[in-house]
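>>> Got a predicted model here, sequence first, then my questions.
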Amino acid sequence: RSVQTPHPYGVLPTSNLFLLDGRATTGYKRRRQEGLGEYLFLLEDETLLSILECLNGSCLAELGCASKFLLSFTSHEPLWREVALRTLSLTGKEKKLSFRSTWKDTVLGR
């Protein structure tokens, strides 16, 4: 038997909707729409993450303040890794990347 810990923000990947009963699915979809808005709600998780990769670090950090769902998406470490590597490649210089405790902290210089 596996023990599942709930997501700290109460967010599930869209694929988990198949595991929920009818009322839970309806409630989750409503919270997702409220948290992502009318248009972002329509996107698959992977598509939304691909779009977020186009933002810079400060925009990602600010977007994460808008809702629990956006905070969850903007806290995704692989997303921050991609932003860090893209930022490094855009500088056009041989720059040493000083990794901090997380990719988010690395990008934001914390």
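Here it is on my side, so go on.
>>> Which elements pack onto the helix or strand where G35 lies?
Here G35, judged by DSSP states H and E, is contained in helix 22-40. Contacts defined by 3 or more C-beta pairs under 8 Å, 6 or more residues apart in numbering; DSSP states H and E place helix 22-40 against helix 68-74. In short, each C-beta sits where N, CA and C put it, glycine included.
>>> where does the protein have low pLDDT?
Judged by pLDDT under 70, the chain has its weakly predicted residues at 1-25, 90-96.
>>> would you list every one of the helices in it?
Listed in chain order, the helices of the chain (DSSP state H) span 22-40, 45-52, 57-63, 68-74, 77-90, 103-108.
>>> Which residue lies nearest the spatial centre of this structure?
With distances taken as C-alpha atoms, centre = their mean, F73 lies nearest the centre of the chain, 1.6 Å away.
>>> Any idea how many residues pack against the nearest residue to R100 once chain neighbours are set aside?
Excluding its sequence neighbours, the residue lying closest to R100 (C-beta to C-beta, 6 or more residues apart in numbering) is T106, at 4.8 Å. Counted with other C-beta atoms under 10 Å, residues neighbouring T106 total 20.
>>> do the same with E53
Using other C-beta under 10 Å, E53 is surrounded by 16 other residues.
>>> Can you tell me how far it is from T106?
16 Å (C-beta to C-beta, to the nearest Å).
>>> The residue nearest to the centre of the chain is in contact with I51, isn't it?
No. If you go by C-beta atoms under 8 Å, F73 and I51 don't touch, sitting 9.8 Å apart.
>>> Touching stretch 100-110 from outside, list them.
Stretch 100-110 is contacted from outside by 57-58, 61, 75, 77-78, 80-81, 83-84, 87, 97-99, using C-beta atoms under 8 Å, 6 or more residues apart in numbering.
>>> Swap in 10 Å and give it another go.
Stretch 100-110 has contacts (C-beta atoms under 10 Å, 6 or more residues apart in numbering) with 56-58, 60-61, 64, 74-88, 97-99.
>>> now stretch 55-62
Residues outside stretch 55-62 that contact it (C-beta under 10 Å, 6+ apart): 52-54, 63, 70-71, 73-76, 79-80, 83-84, 86-87, 90, 103-104, 106-109.
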